[in-house]
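Peer 1: coordinates for the following, if possible.
(one chain, ligands or ions: 1)
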Amino acid sequence: MSATSTSPYPTAIAGDGLELRPWDEDLLAQLAHWGERGFPFHAFDLGHLRDPTRARAELRRAREAGPHRHFVACEGETAVGRVSVNLRDRAGLYLWAVHVPPEHEGRGVCRRMMAALIDWLEDEYPGPDFVLTTNTFAERAHRAYDALGFRVAETRWHYDRPLAEELWRAPRDQRKAIEKHLRFHNGRWEVRTHLMARPQGKSLR
Ligand SMILES: CC(C)(COP(=O)(O)OP(=O)(O)OC[C@H]1O[C@@H](n2cnc3c(N)ncnc32)[C@H](O)[C@@H]1OP(=O)(O)O)[C@@H](O)C(=O)NCCC(=O)NCCS
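Peer 2: Numbering: from 1, shown residues only. Predicted structure coming up:
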């Protein structure tokens, strides 16, 4: 479905057993109560949306007509995942904020919501590659990306600020679990990160 004349968003993007919708107040209220994972995935957690001021600001941001489009994956009226895309990144159509809460994981929500978004983007924005970055410890995410046709284009050390800040506070055992993906370099923590890419083309999955 194409974007409506008044909004940069389609009303919904149909996928396999789910649909992608733009953020609204009802969906945001669900996101605010999703289960959280904590370190090292704390940057995805959305408990801060229970604060009405932050919720209003996030909803405004999630609906504005800038370079980003933000979607909530819904099974019926239940919000089961979220994903965003930057339409104007120089590297390509840049997928980010790929997040499925623990209570909905392991059912292919990630794969199905990304497949729906990729199909829609191929129709609406033909041409550029799809790209994303992912910390090397996010192994579940990599399996989903691999199944969707993404391949590692480059691996590099990256300063991920929310992760680096939390690393100072994280208990030793938690840090140890991702130790092989980290280095302490020039006075700060860096994490190994994959840049993954996938050309357009429906036959790739
Ligand atoms: C990564 C994430 C989006 C996956 O969502 P999902 O809907 O569970 O993903 P899928 O069901 O499509 O499965 C992806 C892979 O993870 C595996 N998986 C998912 N949940 C699992 C669980 N609880 N236990 C073991 N494996 C699990 C799936 O089996 C699948 O692997 P397979 O192909 O080998 O079977 C979700 O776990 C998440 O939001 N994690 C935190 C944020 C994050 O890492 N985002 C991506 C950053 S780049």
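Peer 1: without its sequence neighbours, what residue ends up closest to Ile13?
Peer 2: Leu20 (4.1 Å; C-beta to C-beta, 6 or more residues apart in numbering). Using the backbone N, CA and C atoms, a C-beta is placed for each residue, glycine as well.
Peer 1: in the protein, spot the helix with the most residues.
Peer 2: If you go by DSSP state H, the chain has its longest helix at helix 109-124.
Peer 1: CA atoms only: put that helix into PDB for me.
Peer 2: Listed next in PDB are the C-alpha coordinates belonging to helix 109-124 (Å, rounded to 0.1, in the frame of the first residue of the first chain):
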ATOM      1  CA  VAL A 109       8.300 -12.400  14.300                       C
ATOM      2  CA  CYS A 110      11.600 -10.800  13.400                       C
ATOM      3  CA  ARG A 111      11.900 -12.600  10.100                       C
ATOM      4  CA  ARG A 112       8.300 -12.000   9.200                       C
ATOM      5  CA  MET A 113       8.200  -8.300  10.000                       C
ATOM      6  CA  MET A 114      11.500  -7.600   8.200                       C
ATOM      7  CA  ALA A 115      10.300  -9.600   5.200                       C
ATOM      8  CA  ALA A 116       7.200  -7.500   5.100                       C
ATOM      9  CA  LEU A 117       9.200  -4.200   5.300                       C
ATOM     10  CA  ILE A 118      11.700  -5.300   2.700                       C
ATOM     11  CA  ASP A 119       8.900  -6.200   0.200                       C
ATOM     12  CA  TRP A 120       7.200  -2.800   0.800                       C
ATOM     13  CA  LEU A 121      10.500  -1.000   0.400                       C
ATOM     14  CA  GLU A 122      11.400  -2.800  -2.800                       C
ATOM     15  CA  ASP A 123       8.100  -1.600  -4.300                       C
ATOM     16  CA  GLU A 124       8.200   2.000  -2.900                       C
END
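Peer 1: how about it and the ligand, touching?
Peer 2: Yes - using C-beta under 6 Å from any ligand atom, helix 109-124 reaches the ligand at 109-111.
Peer 1: what does the chain have sitting close to the ligand?
Peer 2: 37, 41, 44, 98-100, 105-111, 134, 138, 140-141, 143-144.
Peer 1: show me where pLDDT drops low in the protein?
Peer 2: The model of the chain has pLDDT under 70 over residues 1-5, 203, 205.
Peer 1: ok, and the most crowded of the residues of helix 109-124 next to the ligand?
Peer 2: Highest neighbour count within the residues of helix 109-124 next to the ligand, by other C-beta atoms under 10 Å: Cys110, with 25 neighbours.
Peer 1: wait, isn't that one in contact with Ala144?
Peer 2: Yes - applying C-beta atoms under 8 Å, one finds Cys110 in contact with Ala144, separated by 4.4 Å.
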